[in-house]
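Enquirer: Got a predicted model here, sequence first, then my questions.
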Amino acid sequence: MLCPVQSLMLAKAKECWEQENEEREAEKARYLAERIPSLQTRGLSLSALQDLCRDLHTKVAVVDEERYDIEAKCLHNTREIKDLKLKVMDLRGKFKRPPLRRVRVSADAMLRALLGSKHKVSMDLRANLKSVKKEDTEKERPVEVGDWRKNVEAMSGMEGRKKMFDAAKSPTSQ
């Protein structure tokens, strides 16, 4: 269902379309009235009518020749376009396009490429970043590094499960 705005837009578009058609018809009628004079056949003798018919036949023949020439040119152009399209398709098939690679360009290099030698300001974006101390993060999480094989051997069997069970109870009892 159309909302009121859409129906108003459709009505306006229909009005514009009808107006354009009327203008086109009026332009066509004006052009034809300008190019084709009205025939005055009343009161003409038989020889005058025959001369008029001959003149009209010669004009029709000239127009037909022009139309035939234009059609021949149009057909020639469409054939040529078709041949060129086939050539383009053949050429596309022969050459493989190389895969594109991502290129990393720094901001300075990009500005130099765009502005040339005018670029003098350095765009060091990392200078404004906050520095983080690595020592603080390492102190928070001490990492125990040991031989994993010893740990597996110690925890295997029933004794290892008992140790795990006891280890789980011990923090809660404290």
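Expert: Looks like it came in fine.
Enquirer: quick one: low-confidence parts of the chain?
Expert: 1, 95, 117-128, 133-165, 168, 170-174 (pLDDT under 70).
Enquirer: ok, which stretches of it are strands?
Expert: For the chain, no strands are identified by DSSP state E.
Enquirer: Would you state the helices of it in chain order?
Expert: Per DSSP state H, the chain carries helices over the ranges 4-35, 46-94, 107-115, 134-140, 148-155, 157-173.
Enquirer: Convert stretch 23-42 to CSV, retaining C-alpha atoms only.
Expert: Presented in CSV, the C-alpha positions along stretch 23-42 are these (Å, rounded to 0.1, in the frame of the first residue of the first chain):
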residue,chain,number,x,y,z
GLU,A,23,4.6,18.9,-26.0
ARG,A,24,6.2,16.2,-28.1
GLU,A,25,3.0,15.8,-30.3
ALA,A,26,2.8,19.6,-30.6
GLU,A,27,6.5,19.8,-31.7
LYS,A,28,5.9,17.1,-34.2
ALA,A,29,2.9,18.8,-35.7
ARG,A,30,4.7,22.2,-35.9
TYR,A,31,7.7,20.6,-37.6
LEU,A,32,5.5,18.8,-40.1
ALA,A,33,3.6,21.9,-40.9
GLU,A,34,6.9,23.8,-41.4
ARG,A,35,8.4,21.1,-43.6
ILE,A,36,5.4,19.9,-45.6
PRO,A,37,3.3,22.6,-47.3
SER,A,38,-0.4,21.8,-47.6
LEU,A,39,-1.5,20.6,-51.0
GLN,A,40,-3.8,22.8,-53.1
THR,A,41,-5.4,20.4,-55.6
ARG,A,42,-8.7,22.3,-56.2
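Enquirer: Name the residues that touch that stretch?
Expert: With contact meaning CB atoms under 8 Å, 6 or more residues apart in numbering, stretch 23-42 is reached by 49, 52. Every C-beta, even on glycine, is put in place using the N, C-alpha and C of the backbone.
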